[in-house]
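Visitor: got a structure for you, letters missing:
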DNA sequence: AACTTTATTTAGGAATAGCTAAAAGTTAAT
DNA sequence: ATTAACTTTTAGCTATTCCTAAATAAAGTT
């Protein structure tokens, strides 16, 4: 239905739309897609012709509902394949991206449905990102990596992404386990290490560590 | 390393080489690949430049050892994915081809190795075709579909590809089961139905039936 | 408000992989 | 051995998706 290139643009626009509320700029897209701005402009015009994006010259693009649906389908496939690679084929969570970038373009409704079923209809991928269902709906609660949180956030531990027992022992020693409540106090910009509060104690975690801890955002009253 | 198109050409040449001992003709390739002869000529030149085929104008192409290696890698991936689809994702053996045509181009050594391991290193795909190993070696004994045999062949039943119990009952009634010896007496060209000898009895099987019966070729003394 | 900087678009070009139509080579037949 | 039939190749076009360089629009500065 759509070319690989078109799908990549839709996915990129989708991701950037979640950061910037207004139109997604040509330059941000070219950055993310490793192309030049001129190429982006051209492709955007084609997507607009196909009713996948709304485009106003010099003011960026936004997905139409058709474009969003298509983007979500690609995201769904990407995250399902990542889950497959990690859970069935012994990939590490940081090894899957490149391959999933290829697999996400395989076109077969039956394949996606059966893969989803085979994996037990997972709601989150190995990076903790939510997997859209066949209708494009995302799970409500947003599981994230601890490293994705901002200063001041409050969260609850919901999983760990490292099979090494030394990592789990380390966490245990720090008093971090399943359902532990956490508050992000400070993030150092130079190495992205994080100071968090756990049970009234302040501890410091490296980026490596916070990358491997999944949390659920707390809704503050 | 190679484009999807290049891989498709290499695979097509590989398959045609097994039928015709001399060079593979431009027209047969264009037929198999659903392209025009002129397009084939062009691509062949590119493959020759890359040392994947030997090409002599007007006399067809043959794979070099590099080309053969590459073709076998694609065939390996194709057949592994077909096995995956049938054995893990509930595809029927006649539903897998299109999807496998896409999956065979995914490029990741680790993916192929892990998939092979995950499937238990199968030697044959759901069509009964042999799966090359990572070095391009094929299993010696050649399991085939009964429909692939020529008149006069002798073979032994080694499997059936139909989950319907009615098919198995039908075979049982005809006296065909695991390890039954078979001789192909005649093949009707108009409907590809086959007359075979089983236990001194002659029976006739439709193409649908012979497609679903796997046999092992008998080596004649 | 005019000018500079930055971002975006336009214009024209390259590579890939397909096409048609015409030319040239090979094979078969008289 | 020449011609007819068929196959293959060449030449010239098209579409996709990228590129660079130049032109134009928007945003920021004084």
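Guide: Received it, and whenever you're ready, just let me know what you need. From a predicted model like this one, the values you see are computed outputs, not experimental measurements. Residues are numbered from 1 along each chain as shown, chains lettered A, B, ... in the order given.

Visitor: chain B contacts on chain A?
Guide: Within reach of chain B by Cβ under 8 Å from any Cβ of the partner chain, chain A has these residues: A:85, A:88-91, A:95, A:98-99, A:102-103, A:106-108, A:110-111, A:114-115, A:118. (Each C-beta comes from the backbone N, C-alpha and C, glycine too.)

Visitor: can you give me how far the longest helix along chain A is from the chain middle?
Guide: Assignment by DSSP state H gives helix A:65-88 as the longest helix of chain A. Averaging C-alpha positions (Cα atoms, centre = their mean, to the nearest Å) puts helix A:65-88 10 Å from its chain's average.

Visitor: just the buried subset of the residues of chain A next to chain B, please.
Guide: A:85, A:89, A:91, A:95, A:99, A:102-103, A:106, A:108, A:111, A:114-115, A:118 (16 or more other Cβ atoms under 10 Å in any protein chain shown).

Visitor: mind checking which of those residues are in strands?
Guide: Judged by DSSP state E, strands contain none of those.

Visitor: what's the closest of these to residue A:183?
Guide: Top of the list for closeness to residue A:183, among those and by Cβ to Cβ, is residue A:95 at 31.8 Å.

Visitor: got a pLDDT number for that closest one?
Guide: Looking at residue A:95, its pLDDT is 93.

Visitor: wait, it touches residue B:109, no?
Guide: No - Residue A:95 is not in contact with residue B:109 according to Cβ atoms under 8 Å; the separation is 11.8 Å.

Visitor: show me where chain A has helices.
Guide: So, for chain A - with DSSP H - the helices run A:4-17, A:26-33, A:37-49, A:65-88, A:97-103, A:109-118, A:165-173, A:207-211.

Visitor: in CSV: those helices, plus distance to DNA strand C.
Guide: Below are the helices of chain A laid out as CSV (distance: least, Cβ to the nearest atom of the strand, whole Å):
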stretch, distance to DNA strand C
helix A:4-17, 11
helix A:26-33, 3
helix A:37-49, 3
helix A:65-88, 16
helix A:97-103, 16
helix A:109-118, 23
helix A:165-173, 40
helix A:207-211, 27
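
Visitor: for residue B:201, which of the ones you listed is the nearest?
Guide: That would be helix A:109-118 among the helices of chain A, by Cβ to Cβ, at 40.7 Å.

Visitor: and the helices of chain A as CSV, adding distance to residue B:216?
Guide: What follows is the helices of chain A, written out as CSV (distance: least, Cβ to Cβ, whole Å):
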stretch, distance to residue B:216
helix A:4-17, 41
helix A:26-33, 51
helix A:37-49, 53
helix A:65-88, 31
helix A:97-103, 35
helix A:109-118, 31
helix A:165-173, 48
helix A:207-211, 52
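
Visitor: how about the residues of chain A near DNA strand D?
Guide: A:3-6, A:8, A:33-36, A:38-39, A:42-43, A:46, A:57-58 (Cβ under 7 Å from any atom of the strand).

Visitor: please redo it, this time with the cut-off set to 6 Å
Guide: Residues of chain A lying near DNA strand D by Cβ under 6 Å from any atom of the strand: A:3, A:5, A:6, A:35, A:36, A:38, A:39, A:42, A:43, A:58.

Visitor: count the residues that sit near the second one.
Guide: Residue A:5 is surrounded by 14 other residues when neighbours are defined as other Cβ atoms under 10 Å in any protein chain shown.

Visitor: chain center to the helix or strand of chain A with the lowest mean pLDDT, what's the gap?
Guide: Of all helical and strand segments in chain A, the minimum by mean pLDDT, DSSP states H and E falls on strand A:143-145, at a mean of 84. Relative to its chain's centre, strand A:143-145 lies at 9 Å (Cα atoms, centre = their mean).

Visitor: residue ranges with poor pLDDT in chain A?
Guide: A:141, A:163, A:219-221 (pLDDT under 70).

Visitor: show me how it divides into domains.
Guide: A:4-63, A:144-217 (automatic domain parsing).

Visitor: residue B:125: which of these is closest?
Guide: It is, among those and with distance given as Cβ to Cβ, domain A:4-63, at 26.2 Å.

Visitor: related to what we said a few turns ago, ok, residues contacting the least confident helix or strand of chain A?
Guide: Contact with strand A:143-145 is made by A:123-124, A:127-130, A:155, A:158-159, A:161, A:210-217, as judged by Cβ atoms under 8 Å, 6 or more residues apart in numbering or on different chains.

Visitor: 10 Å - rerun?
Guide: The set of residues external to strand A:143-145 that reach it, using Cβ atoms under 10 Å, 6 or more residues apart in numbering or on different chains, is A:93, A:123-125, A:127-130, A:153, A:155, A:158-159, A:161, A:210-217.

Visitor: the nearest residue to residue A:103 once chain neighbours are set aside: how many residues sit nearby?
Guide: Distance criterion Cβ to Cβ, 6 or more residues apart in numbering or on different chains; nearest residue to residue A:103, sequence neighbours excluded, is residue A:81 at 4.1 Å. By the criterion of other Cβ under 10 Å, residue A:81 has 24 neighbours.

Visitor: any idea how far residue A:81 is from residue A:38?
Guide: 32 Å (Cβ to Cβ, to the nearest Å).

Visitor: got it, and residue A:174?
Guide: 50 Å.

Visitor: list the contacts for residue A:157?
Guide: A:146, A:171, A:176-182, A:198, A:213-216 are the contacts of residue A:157 under Cβ under 10 Å, 6+ apart.

Visitor: kindly reformat those as a markdown table containing neighbour count.
Guide: As requested, those are exported to a markdown table (neighbours: other Cβ atoms under 10 Å in any protein chain shown):
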| residue | neighbour count |
| --- | --- |
| A:146 | 24 |
| A:171 | 20 |
| A:176 | 21 |
| A:177 | 12 |
| A:178 | 10 |
| A:179 | 8 |
| A:180 | 18 |
| A:181 | 13 |
| A:182 | 23 |
| A:198 | 17 |
| A:213 | 26 |
| A:214 | 21 |
| A:215 | 26 |
| A:216 | 16 |
